[in-house]
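test case, fold it:
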Amino acid sequence: MFEGDSLVKLAVQHLHDAPRPPSELCDHELPPALEQLILDCLAKDPVKRPTSVEEIERRLLVIAAACPWSQDDARAFWDAHPLAAGPATEAALAPTVEAASPRPAA
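Have a look, this model is predicted:
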C-alpha cells in the first residue's frame, strides 16, 4: 500500500497519505465493493471507517452474494498466485509452538 526507501518515509506515508487502491497493486480484478471496503477500513479519519465488525460482515455478505467464490475458485487462484517465498511468508505459515510450550511458574 505504501512504498519508500526508508522507515521514516513509510511512517510519514502511513500517517498522512491515503493508501493506494488494492486494484493498483494486484494483477487481477477486484470487485469494486470489496476494494471500497478495504479502503474504508484503512481510512485515516475514524469517522469514515466501518463502525463495527457487524457492518464489515454485512458488506462482505453483499459482496459474496454478488461475486460468488467457490473452494475451486480459491484453489485455482492460489495455484496461479503462490505466496512469495521469504522470511515473512515462512513465519506466517510456520506452526506455532507457543501454545504447546508450558509457561514457567510465576
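
quick one: mean pLDDT over stretch 72-89.
Mean pLDDT, computed over stretch 72-89, is 76.

state the helix or strand in which E3 lies.
Element membership for E3, per DSSP states H and E: none, as it lies in no helix or strand.

three-state assignment of D27?
coil (DSSP: H, G, I helix; E, B strand; the rest coil).

L39: how many residues sit nearby?
As a burial measure, L39 scores 17 neighbours (other Cβ atoms under 10 Å). Where you see a C-beta, it was placed from the backbone N, CA and C, and this is true even at glycine.

so who does it touch?
A18, P19, P21, P22 (Cβ atoms under 8 Å, 6 or more residues apart in numbering).

what does L37 give?
Counting by Cβ under 8 Å, 6+ apart, L37 has contacts P50, I56, R59, L60, I63.

separation between the third one and D40?
Which is R59. 8 Å (Cβ to Cβ, to the nearest Å).

cool, and the fourth one?
With the distance defined as Cβ to Cβ, L60 ends up 12 Å from D40.

helix, strand or coil for R75?
helix.

quick check: it vs V8, distance?
41 Å.

equivalent analysis for E55, please.
Taking Cβ to Cβ, one finds E55 at 34 Å from V8.
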